[in-house]
Each structure stands twice: as structure tokens, then as C-alpha cells.
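K.L.:
here you go, sequence then predicted model.
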Amino acid sequence: MNEAENSDLTETFMNRMREQQELLRYRMKQIKHKIAVISGKGGVGKSTITVNLAAAFAMLGKQVGILDADLHGPSVPRLLGLAGQQARVGPPGAFPVKGPLGMKVISIDFFLSEEHTPTIWRGPLKMTAIRQLLSDIVWGELDVLFIDLPPGTGDEPLSIAQLLPDINGVIIVTMPSELSRAVVNKAITFARRLRLPIIGIVENMSGFVCPKCGEKIDIFQSGGGKKLAEEAGVPFLGSIPLDPRVSMDSDKGALFVVEHADSPVAKAFSKIVKKVEVYLKENEKSSAPPK
Ligand SMILES: Nc1ncnc2c1ncn2[C@@H]1O[C@H](COP(=O)(O)OP(=O)(O)OP(=O)(O)O)[C@@H](O)[C@H]1O
Ligand SMILES: [Mg+2]
């Protein structure tokens, strides 16, 4: 390759990057609020909380989207009964799959031909994939986009922080155990280093409400999340109790907050939603240009 060809190639590459950046900005401008759900540790209930919070917002009449940014273990399609669906691709980009309550859902699973195909990607490719899941998708206008992330402080949350500088914030999910407390501190430090605003901490699997007598049993010494939040100076959004029906609904692809609207778990979600709504309103005010 001679020098002229080399410089042509560089220019084409730079132009493509600029176009992609423009497209990302355009698509993201149509979404009022963006919230990511993170944790330091796996299996604490991030995906369950993402889809149920999203559903609770949709039940309030909001236009809601969910981005499953867990590239290696996407679980949002299964939780919403959308496993096996494929995203429709048209000239403007790929269209999100319509989920329950009219929620617009995107997951890497909707682009893979088989549910069992593993994705094998290194860091830079993950960033490209997440960029495309944000910019090449015809999201349209949304009130809130919820982003479900894999556990830990790896490439996916890093990509989200870089690609969405105007993100409203992150919700950190924890479980009431000592180990989890140590891990959640890492998640707080990670969010702070990346200048990701912390909306608050949710303590999941916090006590077990006996379905027979209604008594709450503290299996993992609940309350740690609140104490931790106080110590770290971040808001505490609420505790969600353990309820075996949560995992049954997950397996069925049903939304717990819809199926069991009167349960203590669904009530806990409503309380969290109220706090998140207040946060978003405050955030809107503080980011509005001065009159
Ligand atoms: N409050 C709860 N009560 C009972 N089961 C729950 C509750 N929250 C989550 N679960 C169950 O715990 C398991 C893990 O939940 P989930 O997949 O949402 O965790 P995660 O943090 O997204 O996991 P990963 O780190 O693998 O992405 C699921 O089987 C889910 O149904
Ligand atoms: Mg998950």
C-alpha cells in the first residue's frame, strides 16, 4: 500500500468513526433518561431488578426501553418471555423487539441464530458491540432506557460510561451479606472513578417473607445495604425481600410486578420507583440550561 492509499484509508476510517459518533448522539438525544444497573458480584438480581423496575415504569405510562448489555450471559430475553426472537433489520437500523407492556428490548441474543451460541469477544470488540446496540438500533423516543450489565467492573460498564456521558446514573444492587458488602464498595469506587452518578443502592433478597404466616425472617442479616449506603454517603433506594415466586416467574418469562402486584416484593419495587422518579426530576432540573 502506498502513502496515498494509506491516507485514503485513514480518512475513510475517520469519517466512519465520525458518522457513528453522530448517529449515537442522534439516537441518544431521543431518550430522556438512561439508567444502568450494576453490581460488584454475580447473581445478586441485577437482571431481575432491571426488568421489574422497567416494567414498573412502563405501568406508570412511560415509554421504556431495556438494553441487555450482558454480552456473555444475556438473560433479559428469557426474563421477558422473548427468548428465540430475532430483531428485524431495516434501512434505518435494527428495530427493538416489542416486549410486555410495550417495552422496547434489545439483546445480543436477538442477533444470534441460536440461543446456545456463545459470544467470544475481547475488550475492544465488546465496546464496538455495545456502541452498535445503542446507535444502530431504532429506539425512537423513550422516557427511560434501562441498561442491564454483567457483574463486576469490566469492559461493559466501562463502555457504557464512555459511550453515554450524559447517563443519569447507576443503581447498585447488593445482597445483605458481608462478602457482598466488600464487593459493593468496589462498585461504588468504580462508579465514582468513572464519574457515573450513583442513583442509589438496592438491597435484594433482604429477608424472607413467609408465604404462610407473613413473618419476615432475616436469612442473610438484612439491613447491610442501608448501613453501607450511609457509610459511603450514597442514597439507599430500598430492600426487596426474597420470594420464591420471583425465580418461578423468571423461569416462566413472566414479570413479577405484573403477576403479583400486591406482594411485598412488588410494593418494594414501587417504593424504589418513586425514589428513582424523584432523582430523575431533580436531575432534569439541575441539567436544564439556565433561563
Ligand atoms: N428477590 C428475589 N427473590 C427470589 N429470587 C430472586 C430474587 N431476586 C433474584 N432472584 C433470583 O436469583 C437468580 C439471580 O437473579 P438475576 O439473574 O437477576 O441476577 P444477576 O445479578 O442478573 O445475575 P448475573 O450476575 O449472572 O447477571 C434468579 O434465579 C432470580 O430469579
Ligand atoms: Mg444478569
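P.N.:
Now that the structure is in, tell me what you want to look at. Numbering: from 1, shown residues only. Ligands and ions are numbered 1, 2, ... in the order given.
K.L.:
could you list the low-pLDDT ranges of the stretch 1-150 of the chain?
P.N.:
Low-confidence segments of the stretch 1-150 of the chain (pLDDT under 70): 1, 114-120.
K.L.:
need the residues of it near ligand 1, please.
P.N.:
Contacts of the stretch 1-150 of the chain with ligand 1, taken as C-beta under 6 Å from any ligand atom, map to 39, 42-48, 70, 73, 75, 150. No exception for glycine: its C-beta is placed from N, CA and C like everyone else's.
K.L.:
which of these ranks first by neighbour count?
P.N.:
residue 39 (29 neighbours; other C-beta atoms under 10 Å).
K.L.:
doesn't residue 174 make contact with that one?
P.N.:
Yes - judged on C-beta atoms under 8 Å, residue 39 makes contact with residue 174 at a distance of 6.6 Å.
K.L.:
need the residues touching each of these two.
P.N.:
183-184 (C-beta atoms under 8 Å, 6 or more residues apart in numbering).
K.L.:
biggest helix in the protein by residues?
P.N.:
Secondary structure of the chain per DSSP state H: the longest helix is helix 3-29.
K.L.:
relative to helix 3-29, how tilted is the next helix or strand after that helix?
P.N.:
Next along the chain after helix 3-29, taking DSSP states H and E as the criterion, comes strand 31-38. Put simply, strand 31-38 runs at 100 degrees to helix 3-29, going by axes from the mean of the first three to the mean of the last three C-alpha atoms, to 10 degrees.
K.L.:
and strand 31-38, does that touch ligand 2?
P.N.:
No - on the criterion C-beta under 5 Å from the ion, strand 31-38 is out of touch with ligand 2, staying 8.6 Å away.
K.L.:
buried stuff in that strand?
P.N.:
31, 33-38 (16 or more other C-beta atoms under 10 Å).
K.L.:
cool, and stretch 76-89?
P.N.:
For stretch 76-89, by 16+ other C-beta under 10 Å, it's 76-80, 82-83, 85, 87.
K.L.:
just curious, which of the residues you listed is nearest to ligand 1?
P.N.:
residue 79 (7.4 Å; C-beta to the nearest ligand atom).
K.L.:
that closest one and residue 45 touch, don't they?
P.N.:
No - contact criterion C-beta under 8 Å: residue 79 and residue 45 do not qualify, at 11.0 Å.
K.L.:
please enumerate the helices of the chain.
P.N.:
Using DSSP H, helices in the chain cover 3-29, 46-59, 76-79, 123-135, 155-163, 178-193, 224-232, 244-252, 256-259, 264-287.
K.L.:
mind putting those into CSV with distance to residue 95?
P.N.:
CSV is the format used below for the helices of the chain (distance: least, C-beta to C-beta, whole Å):
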stretch, distance to residue 95
helix 3-29, 12
helix 46-59, 18
helix 76-79, 15
helix 123-135, 13
helix 155-163, 20
helix 178-193, 31
helix 224-232, 38
helix 244-252, 25
helix 256-259, 24
helix 264-287, 26
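K.L.:
for residue 216, find the nearest of the ones you listed.
P.N.:
helix 264-287 (8.2 Å; C-beta to C-beta).
K.L.:
off-centre distance for stretch 151-161?
P.N.:
11 Å (C-alpha atoms, centre = their mean, to the nearest Å).
K.L.:
before we move on, what about stretch 235-254?
P.N.:
Centre to centre, stretch against its chain (C-alpha atoms, centre = their mean), the figure for stretch 235-254 is 16 Å.
K.L.:
repeat for stretch 227-239
P.N.:
With C-alpha atoms, centre = their mean, you get 19 Å for stretch 227-239.
K.L.:
ok, back up a step: restrict the residues of the stretch 1-150 of the chain next to ligand 1 to those near ligand 2?
P.N.:
Answer for those near ligand 2 (C-beta under 5 Å from the ion): 46-47, 75.
K.L.:
pick the one among those residues closest to residue 257.
P.N.:
residue 47 (14.1 Å).
K.L.:
returning to what we had before: now the two most distant members of the buried residues of stretch 76-89.
P.N.:
79 and 87 (17.1 Å).
K.L.:
what's near enough to touch the residue of the stretch 1-150 of the chain found nearest ligand 2?
P.N.:
Proximity of the stretch 1-150 of the chain to ligand 2 (C-beta to the ion) peaks at residue 47, 3.3 Å away. Applying C-beta under 8 Å, 6+ apart, one finds that residue 47 lies in contact with 37, 68, 70, 75-76, 79, 148.
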